[in-house]
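Student: Below are the sequence and a predicted model; questions follow.
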Amino acid sequence: MGSLLHENSSAVRKRIQAHHFDDENGDEYDASTFGGFEDYFRRKKIKLQNLDADIRSSAADCPPIFRGVVAHVNGYTQPSLQDLHRLVVSHGGGFLQYLGGKTDATHIIASSLTPKKREEFRRYRIVKPAWVVESINAGRLLPWDAFRVVDEGQAQKVLKFDDGRIKSQANTPRAGYREQSNSSWYTAQLATSDQAESQRSPLAQLETPYRAEEPPSTQSDYGEFPSFVSLDEPSKTPQQQVRPTTPQLELSSPHRDEPKPSVTPSRSESDRLDVAPAPLPLVREPIPPKLDMTSEEYNAQLLSDPRMRTSSVANPDFIQQFYSESRLHHLSTWKADLKAQLQSAAKEKLHTQLKRKKPVAGARRYIMHVDFDCFFAAVSTLKRPELRGKPVAVAHGTGSGSEIASCNYEARAQGVKNGMWMKGALQACPELSVVPYDFPAYEDASRKFYGAILAVDGVVQSVSIDEALVDITMQCLEAGGSDGRGMSEGSVYREQAKADEIGRGLRATVKEETGCAVSVGIGGNILLAKVALRKAKPAGQFQLKPDAVLDFIGNLTVRDLPGVGYSLGTKMEEIGVKLVKDARDLPRERLTSALGPKTGVKIWEYARGIDRTEVGNEVLRKSVSAEVNWGIRFVDQTQADDFVRSLCQELHRRLVENLVKGKQLTLKVMRRSLDAPLEPVKHLGHGKCDVFNKSVVLGVATDATDVLGKEAVSMLQSMKISPGDLRGLGVQMTKLEHLKSGSPRKPEGRGSQRQLNFKASPVRNRIERSNNDPDDLESPRRGDTESVRPVPSFSDSGHKPLNISGTQFIMPSQPDPKVVAELPTDIRSRLISQGKPRRESRSISPCPPARTRPPASTALPPQSQLDPDTLAALPADVRAE
DNA sequence: ATCCTCCCCTAC
DNA sequence: TAAGGTAGGGGAGGAT
Ligand SMILES: Nc1ccn([C@H]2C[C@H](O)[C@@H](COP(=O)(O)OP(=O)(O)OP(=O)(O)O)O2)c(=O)n1
Ligand SMILES: [Mg+2]
């Protein structure tokens, strides 16, 4: 169980690497987009882990010259963060990944600092990495003063970015410091982009510790796409046969409802003309442009264009419309539906046919990973036969910021990738044809696909709308005539032949019913099926047999392994692991100390082709959320509040649909980074942002719209973010309580089989265009976003809190009294924790509250605050009363 | 040692 | 123009 389904991506992604900086490949997804963007700092954060004890024990012979020293690394440094960590700890020192915690650092190691950072770290001893290295070489602690970081100066390049502005996504960062020599491309970028910036001011509270480290690279938005080359290697296999079969899942279903709008448009307009905020990064903000207009004024102006209004939050139907057009939303929704339906189908199957014995424990397993080739592109192209053989991509438009959801292999041959922005794609492939999304058609194809898969009668686990895992061990062992443990050559041969036969039949069936190609990867476990799939594509099938396992996976790059993205890939590269087989040379401890206990073991096992995860074990959901980070442009706080209420209404809908209620509500806010331009590169995109989270623990699980709305609005207001700078908002419920009823209501499906229904789907269709486009200049690569983390510590609540340990105790927020009143039974207590302020350098901040917090503090009843500590100890409900 | 919270990361 | 969502694994750091 673990249930990890790693989702895999089909492996098809390739890597390019241009070496040094390379890559970026943008990958589309990979680094990407969402989660990934913020990357910059994140990476930093993550980087090491500490298992300081391990390090110390393995370096018992190193003189403890850093005893008493507690170091923290800021920005990119020459010995890397990880290396410095190891050096300091192995020589008796302490190390902090973050500042702001209870333990404070005695020294900050940095190559250079921007003025801003310098101010932030004013009270620390700031030294260059050489202090560590040279002290070790000298065998004693050298005076830090001699290694004081002066001003910026030297490390020039590094410095500059340091602060962050740039963010690109992909690896750039490391490239930066790691290989500076070639930083040409990226250096150039910086030069242009960087600017002074440094000041942030107003609230500059503290920033996060890390933020500075951002790497360079493309800036969030404007970056360009480097061109890369990529290629994959498809090797394919034949396929043939058809097989009947046919159960089906239905996907169809209910629908969502009405929206409720609330956003009020409005805005004032300012008169000015349009001065467009220049998109140039340069201009942006060091100083609020001369003409400074506030972000609210800017948005008002922007929204004066009726078309803008329609596509942004100013439109009351915005949420509904946005979701109907959001491919990522559809992907998530489909997956949730499929998961629920397959689970109930499996449950039913259990009852009906109880005889399903599970294979013997240690027996061989046969897992099949089935996935459509360029799914959206293939389905959308069915209606455009004349485009067959030509490079095609699915996107909403041809503007530079439009994202490519899927592109066919002809386009990939030219360097286009899923998730890439149109600008970059057109640069790589000028003759690219763009076709519109056709969500209903994707559902239809998927329904047929799953129908064929269920007909195989194995254990099924959905990975996504176009991808599934099928455990066909039973079928294969039966064909082989053994229990799966013996090594009879004949049995094994028959089992493998059976697996191939099932795969071929499935491919033929799906191809026939949908007109689209699917590829099949077969292996002895999920990992092997997944890596086999990448070799199978496109339109092929590949069975990775036991004898070939070590050799095959050993020559893949670690990035090809499921679960290894940009961040993990980078960390592994730092410890000398580029290819999977490189990991075999390292002891388990080395991996666990560098990657974390679970991850380290997983990689150690993956390197040997081991993966015990079973197909199909999924569990109860742990959270339900709704967020929108596109088209957010408010002119006043009221609009923002209304929008949050709309999101809560949507969240309510989803909670009801899934038959759950939750006790913790978290508000996520993306705020334009202070150094980001008012207008991101991507049309109505969020651009470079800082992300803040704040949560409230309710005494009683709820799904009431008004409660959610009040709490969320209260949290938003407490953050005190200028409404014009809001770029993304989201609400999430956790600490769920599942209502008794069995399955969530939507899928329901019932029955056993064979038909899954998707809920509703919007309809869509549109135009298609063919390549070229007008503008485009550079395209940002995808990673444009970024987000940083917390920042100010606004304690958000200024109000009443007592904060207590890190959380504030607030009552129901402001509006509360009423709320409280209303919910007599319920919610009364809650607690709020702000997430963000996490650790910033606290040095500065006045008092970021101490964070201690018991698990959750609860708040109390209505109005006042109570003693947190005490309460904390009790279960929320109890105290509430 | 274990649990909890607050993120980060990954996948599609 | 464009529709940059969402769930779950897991790590860091602190509380117990
Ligand atoms: N960044 C991304 C990645 C994927 N998708 C959507 C469109 C894809 O068609 C679908 C399935 O994703 P896959 O990773 O399976 O990619 P494809 O099916 O397009 O290609 P292939 O599986 O051949 O690599 O998910 C998306 O919208 N945005
Ligand atoms: Mg696919």
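Tutor: Looks like it arrived, so ask away. Numbering: from 1, shown residues only, chains lettered A, B, ... in the order given. Ligands and ions are numbered 1, 2, ... in the order given.
Student: can you count the residues close to whichever residue of the stretch 251-400 of chain A sits closest to DNA strand C?
Tutor: As assessed by C-beta to the nearest atom of the strand, DNA strand C sits closest to residue A:399 within the stretch 251-400 of chain A, at 2.1 Å. (C-beta placed from N, C-alpha, C; glycine too.) Neighbours of residue A:399 under the rule other C-beta atoms under 10 Å: 16.
Student: Need the pLDDT of it.
Tutor: On the pLDDT scale, residue A:399 is placed at 96.
Student: Test my guess that it contacts residue A:685.
Tutor: No. Here residue A:399 does not reach residue A:685: they are 11.3 Å apart, not a contact under C-beta atoms under 8 Å.
Student: check whether the top strand by length along chain A contacts DNA strand C.
Tutor: Longest strand in chain A by number of residues (criterion: DSSP state E): strand A:688-702. No. On the criterion C-beta under 7 Å from any atom of the strand, strand A:688-702 is out of touch with DNA strand C, staying 8.1 Å away.
Student: if I've got this straight, the residue of the stretch 251-400 of chain A closest to DNA strand C is in a helix?
Tutor: No. Counting by DSSP: H, G, I helix; E, B strand; the rest coil, residue A:399 is not part of a helix but coil.
Student: domain assignment for chain A?
Tutor: Following automatic domain parsing, chain A resolves into domains at A:2-154, A:623-747.
Student: Go through the ones you listed and find the least confident stretch.
Tutor: Of all the domains of chain A, the minimum mean pLDDT falls on domain A:2-154 (a mean of 60).
Student: sorry, back to before: show me what the helix or strand just after the longest strand of chain A is packed up against.
Tutor: Toward the C-terminus, strand A:688-702 is succeeded by helix A:705-719 as the next helix or strand (DSSP states H and E). Helix A:705-719 sits against helix A:637-657, strand A:660-672, strand A:688-702, strand A:726-738, helix A:816-822, strand A:830-834, with contacts defined as 3 or more C-beta pairs under 8 Å, 6 or more residues apart in numbering; DSSP states H and E.
Student: anything in helix A:705-719 near DNA strand C?
Tutor: No. Under the criterion of C-beta under 7 Å from any atom of the strand, DNA strand C is not reached by helix A:705-719; the shortest gap measures 13.9 Å.
Student: just the angle between that helix and strand A:688-702, please?
Tutor: Here the directions of helix A:705-719 and strand A:688-702 differ by 140 degrees (axes from the mean of the first three to the mean of the last three C-alpha atoms, to 10 degrees).
Student: quick one, helix A:705-719 and strand A:726-738 angle?
Tutor: Computed by the same axes, to 10 degrees, the angle between helix A:705-719 and strand A:726-738 is 140 degrees.
Student: and the stretch 501-650 of chain A, which residues reach ligand 1?
Tutor: residue A:537 (C-beta under 6 Å from any ligand atom).
Student: Look at the closest residue to DNA strand C within the stretch 501-650 of chain A and report its pLDDT.
Tutor: As assessed by C-beta to the nearest atom of the strand, DNA strand C sits closest to residue A:596 within the stretch 501-650 of chain A, at 2.5 Å. For residue A:596, the pLDDT comes out at 96.
Student: The one 10 residues further on now?
Tutor: Reported pLDDT at residue A:606 in the predicted model: 98.
Student: Which residues are in contact with it?
Tutor: When contacts are counted by C-beta atoms under 8 Å, 6 or more residues apart in numbering, residue A:606 touches A:527, A:553, A:561, A:580, A:583.
Student: Three-state assignment for the first one, please.
Tutor: It stands for residue A:527. Going by three-state DSSP: residue A:527 is helix.
Student: Could you measure from it over to residue A:346?
Tutor: Counting by C-beta to C-beta, to the nearest Å, the gap from residue A:527 to residue A:346 is 22 Å.
Student: Which one's more surrounded, the two?
Tutor: Neighbours per residue (other C-beta under 10 Å) separate residue A:527 from residue A:346, with residue A:527 holding more: 27 against 17.
Student: which residues does the more buried one contact?
Tutor: A:553, A:561-562, A:606, A:609-611, A:613.
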